[in-house]
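Asker: Sequence first, then the predicted structure:
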Amino acid sequence: MSVRKDRNTRLWLLDISTINPTSGKRKRIVRKNFSTKKEAVDEEQRLRVIFLNERMPLEIYNIKLCFDLMLLEDKKDKKKSYLSTQEYNFNAHIADYFRYAVLSKLDYSSILIFREKLIEKGLSNNTVNKIMILLKKILDIALRCSVSKENPCCFLKKLPTDIEKMKFWTLEEFLVFDRSIKRDELIFKLFFRLAFYTGLRKGEILALQWKDIDFKKATIDVNKTVVKVHGEESLDLPKTKAGVRKVAIHKNLLTFLLGYQILQQEKFASYLKKNRLENLRIFEIAPATALDSGKLRKKFVQLLKRTPELTPIRIHDFRHSHAAMLIDLGVDPYVIKERLGHASIKTTYDIYGHLYPNKQKTVAGKINQLRT
């Protein structure tokens, strides 16, 4: 019997055992500490669907089970940060609303009402669209499992989204900001110089190790990024395949990096007796403890208050500032694409169009040339 009472705790447990018909190997799943038999039976059915790919009565296919099946598929080829965002949006906006929903009876009207509820929360159209895309993916699972005959989300058009004007700083504005950073804030001066002069993403900068800097060739090897999942930061591959790249840096930035490395060697002298410098992350503030995005964001807010004459921008806008500087220097868009790690040349032209709307026709023409 797969569901029974635990002799020790007198709580319910489930013990599922099955044989893979191809490999002949036995697979066993055990879960304990259920208060009631119904809870254990419900979990057994859910696990049989998710992990053993077994067919169960249609009435057990609720919104949570369909989401879990979708997530299981996404884990094969999606990044941790993407999965974390999907889990957050599901738990924050979808799970409770559709907890008792009969998936086979959902129609266009019920989906439209749900979207109106999201809008009433004050969410942006862009955020609402992302949540609706997630809901469509979940209901696609219900459709595939024959729980529903159609996906009502298919009939819903996306909400219009306003294109936010892209913000950036000129070199002169950045230098004003750079001069406001004090001597005892050297780690932040290095971060923002790297952000402005290389166009690297925040996570890519925080993930850098000394072995990623080639002082002879004056290049940075971008091969990883910091991602935050459930409040914990870890290293992962860059955002896109194009994100794995080498970025050339100018002499002054290289000299600044070298000076910072010397200071860090002195600070970590005892640690480096047993550990190699090349494996040390550039933004480690203590052994095995790196500067995190939360502290960086708080410091950035403080720094902006010191320079009220500057238009406030986001940390991500340093990438746009770098792109604007390269465009002003007449750098070829394909070179900018490679340097910023864009997956598509269109992205570079989109930035070009945002920064210089008076040249929008020229930009549109270049994008059309790419499509032919």
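Answerer: Noted; the coordinates are in hand.

Asker: got the CA positions of stretch 85-105 in CSV?
Answerer: Written as CSV, here are the backbone C-alpha positions of stretch 85-105 (Å, rounded to 0.1, in the frame of the first residue of the first chain):
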residue,chain,number,x,y,z
THR,A,85,10.7,34.9,-11.7
GLN,A,86,8.1,32.4,-12.9
GLU,A,87,7.7,31.0,-9.4
TYR,A,88,7.3,34.5,-8.0
ASN,A,89,4.7,35.6,-10.5
PHE,A,90,2.8,32.3,-10.0
ASN,A,91,2.8,32.5,-6.2
ALA,A,92,2.1,36.3,-6.1
HIS,A,93,-0.6,36.6,-8.7
ILE,A,94,-2.0,33.3,-10.0
ALA,A,95,-1.9,30.5,-7.3
ASP,A,96,-4.5,31.9,-4.9
TYR,A,97,-6.8,33.4,-7.6
PHE,A,98,-7.2,30.0,-9.4
ARG,A,99,-6.7,27.7,-6.4
TYR,A,100,-10.2,26.2,-6.7
ALA,A,101,-10.7,26.8,-10.4
VAL,A,102,-12.2,24.1,-12.6
LEU,A,103,-9.7,24.4,-15.5
SER,A,104,-12.0,22.8,-18.0
LYS,A,105,-14.6,25.5,-17.4
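
Asker: Run through who's touching it.
Answerer: 58, 61-64, 66-67, 71, 74, 110, 114, 117-118, 121, 130-131, 134-135, 138-139, 142, 147-149 (C-beta atoms under 8 Å, 6 or more residues apart in numbering). No exception for glycine: its C-beta is placed from N, CA and C like everyone else's.

Asker: out of the residues you listed, which are buried?
Answerer: Of the members of the contacts of stretch 85-105, the ones counted as buried by neighbours, 16 or more other C-beta atoms under 10 Å, are 61-64, 66-67, 71, 114, 118, 130-131, 134-135, 138-139, 142, 147-148.

Asker: residue ranges with poor pLDDT in the protein?
Answerer: 1, 21, 163, 358-372 (pLDDT under 70).

Asker: Can you find which helix in this protein contains the most residues?
Answerer: When the chain is parsed with DSSP state H, its longest helix is helix 125-144.

Asker: so what does it touch, helix or strand wise?
Answerer: Under the contact criterion of 3 or more C-beta pairs under 8 Å, 6 or more residues apart in numbering; DSSP states H and E, helix 125-144 touches helix 63-74, helix 80-89, helix 108-120.

Asker: 6 Å instead?
Answerer: Using 3 or more C-beta pairs under 6 Å, 6 or more residues apart in numbering; DSSP states H and E, the elements in contact with helix 125-144 are helix 63-74.

Asker: What are the contacting residues of the helix it packs on?
Answerer: 46, 50, 90, 98, 101, 137, 138, 141, 142 (C-beta atoms under 6 Å, 6 or more residues apart in numbering).

Asker: Please report phi then psi for residue 5.
Answerer: phi -90, psi 140 (degrees, to the nearest 10).

Asker: Likewise for residue 214?
Answerer: Torsion angles, degrees, to the nearest 10, at residue 214: phi -100, psi 100.

Asker: Who does it form a beta bridge with?
Answerer: residue 219 (DSSP bridges).

Asker: where's it relative to residue 246, distance?
Answerer: 8 Å (C-beta to C-beta, to the nearest Å).

Asker: ok, residue 202 touching residue 318?
Answerer: No - counting by C-beta atoms under 6 Å, residue 202 does not reach residue 318; the two are 8.4 Å apart.

Asker: Go through the contacts of helix 63-74 and say which is closest to residue 338.
Answerer: residue 137 (32.3 Å; C-beta to C-beta).

Asker: Name the residue in residue 202 and residue 318 with the higher neighbour count.
Answerer: For residue 202 and residue 318, the more surrounded residue by other C-beta atoms under 10 Å is residue 318, and the numbers stand at 28 against 19.

Asker: Could I get the full set of strands for the stretch 251-372 of the chain?
Answerer: 284-286, 289-290 (DSSP state E, counting those that start in this stretch).

Asker: list the helices and strands the first one packs on?
Answerer: Read it as strand 284-286. Counting by 3+ C-beta pairs under 6 Å, 6+ apart, strand 284-286 packs on no helix or strand.

Asker: Now do the contacts for residue 58.
Answerer: Going by C-beta under 6 Å, 6+ apart, the list of residues near residue 58 reads residue 147.

Asker: Domain ranges for this structure, per the record?
Answerer: Taking automatic domain parsing as the domain assignment, the ranges for the chain are 1-56, 57-162, 171-371.

Asker: Can you get me the start-to-end distance on stretch 202-213?
Answerer: Using C-alpha to C-alpha, to the nearest Å, one end of stretch 202-213 lies 17 Å from the other.

Asker: Residues touching that stretch, excluding its own?
Answerer: The contact list for stretch 202-213 (C-beta under 6 Å, 6+ apart) reads 194, 220-222, 224-226, 235, 277-278, 280-283, 315.

Asker: Show me which residues of stretch 254-267 are buried.
Answerer: Neighbour-count burial for stretch 254-267, with 16+ other C-beta under 10 Å as criterion, is recorded at 254, 256, 257, 260, 261, 264.

Asker: what's the residue closest to the geometric middle of this structure?
Answerer: Centroid check for the chain by C-alpha atoms, centre = their mean gives residue 81 as the closest residue, at 3.8 Å.

Asker: and the closest residue to residue 112 other than its chain neighbours, backbone torsions?
Answerer: Excluding the flanking residues, the one nearest residue 112 by C-beta to C-beta, 6 or more residues apart in numbering is residue 156, at 6.8 Å. The phi/psi pair for residue 156 (degrees, to the nearest 10) reads phi -100, psi 130.
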